[in-house]
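In: need coordinates for the following:
(one chain, ligands or ions: 1)
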Amino acid sequence: MTDFRSAAIGVFDSGVGGLTVANAILDLMPAEAIHYVGDTAHLPYGPKPVEEIRHYSEVIVGYLLDQGCKLIVVACNTATAAALEHLRQRWPEVPIVGMEPAVKPATAATRSGVIGVLATRGTITSSRYAALASRYAQDIRMLQDPCMGLVEHIEAGRLHDSETAALLQKVLAPMQAAGADTYVLGCTHYPLVIPLLRELLGDTVTLINPAPAVARQVNRLLSERDLLATTPPERPLLIQATGSLDSFRLLVPQIFHQAVILESLDLGDR
Ligand code: DGL
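Out: Numbering: from 1, shown residues only. Down below sits the predicted model:
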């Protein structure tokens, strides 16, 4: 019987964004195997109704568990807001880790008392986000923007072109004018434009990417259950996409240095 400790960690997102989380997990735990699903057939999740995202998430998690994954990471803020509680109820025995916009660390980091939150519409309008804001940002001014179109630009590999810069400039202008000194990257796609954000915002602002904290949480849960991999994975990083593979072909070589298997995934008529 194979040791369950060598089973993969299942990670999913609507597209390439969750790779920023997979990367943080492998940085912290290089012995772990990852099975990644990008739901590019239904991208973007941000503007879609909660029930629809919940359904897609449930199908993907069911698939990853059928494939033998030992822990699931919902590497998408929008899917976390829409589906995390539901997924945990459906699979109470499975450790499931979600994303949370880093409002709490941002409120600790800001000196000006103004923070900017970049996230999708689904995240910003969620009750999870409202609860975070009322819990941690009582005395802080929080400005948020759904960054319409940014996920699509990133999926197209346009991490640094003039149109992506113009889109971001428009989003950031009111935040800068209000004196924001700390910015929450509340969508897993957005760390991919950190170099552009640095150019637009300068070096003095704080950008908060929650991926390393999520990786530490995965490490804690695996360690508590004695499920940390003990030997390097036998197979390369497995990445599957339900629709187009183009964004993965473009961005995977920029993010990972290890061997990657990239393939199409048919999850049937969902
Ligand atoms: N990467 C996802 C997130 O963290 C959403 C991107 C999308 O809108 O599909 O929210």
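
In: which SS class is the nearest residue to Met142 once chain neighbours are set aside?
Out: Leaving aside its sequence neighbours, Met142 sits nearest to Ile115 (C-beta to C-beta, 6 or more residues apart in numbering; 5.5 Å). Using the backbone N, CA and C atoms, a C-beta is placed for each residue, glycine as well. Three-state assignment for Ile115 (DSSP: H, G, I helix; E, B strand; the rest coil): strand.

In: surely Ile115 touches Leu143?
Out: Yes. If you go by C-beta atoms under 8 Å, Ile115 and Leu143 touch, sitting 7.4 Å apart.

In: these two: who's more crowded?
Out: Looking at Ile115 and Leu143 with other C-beta atoms under 10 Å, you find the greater number of neighbours at Ile115, namely 27 against 19.

In: residues contacting that one?
Out: Contacts of Ile115 were listed using C-beta atoms under 8 Å, 6 or more residues apart in numbering, and they are 103, 106-107, 137, 140-143, 180-184.

In: in TSV: those residues, plus pLDDT and distance to the ligand.
Out: Listed next are those as TSV, based on pLDDT from 0 to 100; distance: C-beta to the nearest ligand atom, whole Å:
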residue	pLDDT	distance to the ligand
Val103	95	14
Ala106	97	16
Thr107	96	20
Ala137	86	19
Ile140	94	22
Arg141	96	23
Met142	96	17
Leu143	97	18
Ala180	98	20
Asp181	98	23
Thr182	98	19
Tyr183	98	15
Val184	98	12
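
In: show me where pLDDT drops low in this protein?
Out: Residues of the chain meeting the criterion pLDDT under 70: 1-2, 269-270.

In: list, one by one, the residues from it near the ligand.
Out: By C-beta under 6 Å from any ligand atom, the residues of the chain that approach the ligand are 13-14, 17, 43-46, 76-78, 120, 123, 151, 187-189.

In: in strands, which of those residues appear?
Out: Among the residues of the chain next to the ligand, the members falling in strands (DSSP state E) are Asp13.

In: out of the residues of the chain next to the ligand, who's nearest Leu238?
Out: Lowest distance from Leu238 to the residues of the chain next to the ligand (C-beta to C-beta) belongs to Asp13, with 14.7 Å.

In: related to what we said a few turns ago, just the buried ones out of the contacts of Ile115, please.
Out: Buried members of the contacts of Ile115, scored by 16 or more other C-beta atoms under 10 Å, are 103, 106-107, 137, 140, 142-143, 180-184.

In: mind giving me the packing neighbours of the strand or helix carrying Leu221?
Out: Assigned by DSSP states H and E, Leu221 belongs to helix 211-224. If you count contacts as 3 or more C-beta pairs under 8 Å, 6 or more residues apart in numbering; DSSP states H and E, helix 211-224 packs onto helix 19-28, strand 71-74, strand 96-97.

In: same thing but 6 Å
Out: Where contact means 3 or more C-beta pairs under 6 Å, 6 or more residues apart in numbering; DSSP states H and E, helix 211-224 is packed against helix 19-28.

In: residues contacting Leu200?
Out: Neighbouring residues of Leu200 by C-beta atoms under 6 Å, 6 or more residues apart in numbering: Leu168.

In: hmm, back to that, beta-bridge partners for the residue nearest to Met142, please?
Out: Ile115 has these beta-bridge partners by DSSP bridges: Met142, Thr182.

In: run a quick neighbour tally on Ala33.
Out: For Ala33, the neighbour count with other C-beta under 10 Å is 19.

In: for it, which non-adjacent residue is spatially closest?
Out: Pro233 (3.6 Å).

In: burial count for the one you found?
Out: With other C-beta under 10 Å as criterion, Pro233 counts 17.

In: helix or strand: which one has it?
Out: Secondary structure assigned from DSSP H and E places Pro233 in neither a helix nor a strand.

In: next one: it from Leu26, what distance?
Out: Here Pro233 is placed at a distance of 10 Å from Leu26 (C-beta to C-beta, to the nearest Å).
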